[in-house]
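Asker: predicted coordinates and the sequence they were generated for:
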Amino acid sequence: DSGVTQTPKHLITATGQRVTLRCSPRSGDLSVYWYQQSLDQGLQFLIQYYNGEERAKGNILERFSAQQFPDLHSELNLSSLELGDSALYFCASSLTPGLAGEETQYFGPGTRLLVL
Amino acid sequence: GENVEQHPSTLSVQEGDSAVIKCTYSDSASNYFPWYKQELGKRPQLIIDIRSNVGEKKDQRIAVTLNKTAKHFSLHITETQPEDSAVYFCAATRNTGKLIFGQGTTLQVKP
């Protein structure tokens, strides 16, 4: 158990719908990262937050958005869902990015999203 | 842009043999290189990492080597066991923490 929690574990929804994925980082970690893992794309970085502020962005679609709340948990919102959005969505957390010994990212168990 | 190439995509070895997975990164400013192991349906788990000021790091049967000049780093697993069978991902990042992952290597260790 990494200490990172994600809910829900599984989500089945229809095209055009909107869903929210939730992540709680390890106790003490300030940074949260979201990754998408699909069969043909591997692990793709989506977005990173550090202490409530957006820190880095990957190739995240405009239909996707995220935020980190004052208690440091994070939510990833996916809207106007398409079939191709079906994937495993992982959240990871770390203490301090870029600082030796504090940059290790610990992954949560993931949310498996299926869009029908 | 930032890119990490990983080879091979699949690797099959006999139990007890060694396995080597190689990665090449494009961003010369990358300074942190973790390796993750992912079993089917599970989360990626860190197995070893290395920073750019170190050329080699070892942890029991696992070692990682880094060649900054060639922008190349490798994972070495010795005395492989069936429980080493999984998908292995290399990654690279600068100080931002944004991990750029390789495409993954499926390692099969045959008993």
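Answerer: On my side now, so go ahead.

Asker: what number of residues lie near A:Thr96?
Answerer: Counted with other C-beta atoms under 10 Å in any protein chain shown, the neighbours of A:Thr96 add up to 16. For the C-beta atoms, the positions are set from N, CA and C on the backbone; glycine is no exception.

Asker: again but with B:Ser85, I slipped
Answerer: Neighbour count for B:Ser85, taken as other C-beta under 10 Å: 19.

Asker: one more: A:Tyr49?
Answerer: There are 23 residues near A:Tyr49, going by other C-beta under 10 Å.

Asker: thought B:His72 was touching B:Cys23?
Answerer: Yes: look at B:His72 against B:Cys23 with C-beta atoms under 8 Å: they come within range, at 7.1 Å.

Asker: any idea where the helices of chain B begin and end?
Answerer: Counting by DSSP state H, chain B has no helices to list.

Asker: mind jotting down where the strands sit in it?
Answerer: With DSSP state E, the ranges of strands along chain B come out as B:4-7, B:10-14, B:19-25, B:32-38, B:45-51, B:56-59, B:62-67, B:72-77, B:86-92, B:100-101, B:105-110.

Asker: which one of B:His72 and B:Cys23 is surrounded by more residues?
Answerer: B:Cys23 (26 against 14).

Asker: wait, what's in contact with the more buried one?
Answerer: By C-beta atoms under 8 Å, 6 or more residues apart in numbering or on different chains, the residues touching B:Cys23 are B:4-7, B:33, B:72-75, B:90, B:92, B:102.

Asker: rewinding a little: with mean pLDDT added, can I get the strands of chain B in JSON lines?
Answerer: Shown next, in JSON lines, are those (pLDDT from 0 to 100):
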{"stretch": "strand B:4-7", "mean pLDDT": "97"}
{"stretch": "strand B:10-14", "mean pLDDT": "98"}
{"stretch": "strand B:19-25", "mean pLDDT": "98"}
{"stretch": "strand B:32-38", "mean pLDDT": "96"}
{"stretch": "strand B:45-51", "mean pLDDT": "95"}
{"stretch": "strand B:56-59", "mean pLDDT": "95"}
{"stretch": "strand B:62-67", "mean pLDDT": "97"}
{"stretch": "strand B:72-77", "mean pLDDT": "98"}
{"stretch": "strand B:86-92", "mean pLDDT": "97"}
{"stretch": "strand B:100-101", "mean pLDDT": "95"}
{"stretch": "strand B:105-110", "mean pLDDT": "97"}
